[in-house]
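S.K.: Predicted model follows, preceded by the sequence.
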Amino acid sequence: FNFSFGVPKDLMCPISHTIMRDPVVAEDGFTYEKDEIEQWFAHSRNKSESTRGARNKDSEARVMSPMTGAPMSVTLSPNHLARSLIHKFRDKHPDTPLA
């Protein structure tokens, strides 16, 4: 693990930079806090719509990755390993603030 202020970097959302509560994996292979990546998707869609006009079929299914900038789908999968590691970390460090 890479440590940032005592919290393993792998347990922190790359968008909010806080320890995750509900980690999910996106198509880009990165793990995010579910609420944060869903907000990113909504913002990405709105930005896309304002530059292209009306929403088309592809704009609903594809957004830009916050980590790579590449197009990706909005499909998310639970990251059970990250969730388990977060619970173990929180058991040892109960005063660590969550996202």
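M.R.: Sure, I can see it. Numbering: from 1, shown residues only.
S.K.: in this structure, which spans are strands?
M.R.: Ranges of strands within the chain are 3-4, 7-8, 23-26, 31-33, 62-64, 71-73, 76-78, based on DSSP state E.
S.K.: residues touching the residue most central in space within the chain, list them.
M.R.: Here the mean C-alpha position of the chain is nearest to the C-alpha of Tyr32 (Cα atoms, centre = their mean), at a distance of 2.1 Å. Tyr32 makes contacts with Cys13, Pro14, Ile15, Met20, Pro23, Val24, Ala26, Trp40, Pro66, as judged by Cβ atoms under 8 Å, 6 or more residues apart in numbering. C-betas here are computed from N, CA, C, even on glycine.
S.K.: switch the cut-off to 10 Å
M.R.: Counting by Cβ atoms under 10 Å, 6 or more residues apart in numbering, Tyr32 touches 13-16, 20, 22-26, 38-40, 66-67, 76, 79, 82, 99.
S.K.: quick revisit: can you tell me which of the strands of the chain the model trusts least?
M.R.: Sorting the strands of the chain by mean pLDDT places strand 3-4 lowest, at a mean of 47.
S.K.: burial measure for Ile15, as a count.
M.R.: 17 (other Cβ atoms under 10 Å).
S.K.: That one against Ser44, yeah?
M.R.: No. Using Cβ atoms under 10 Å as the test, Ile15 is too far from Ser44 to be in contact (11.7 Å).
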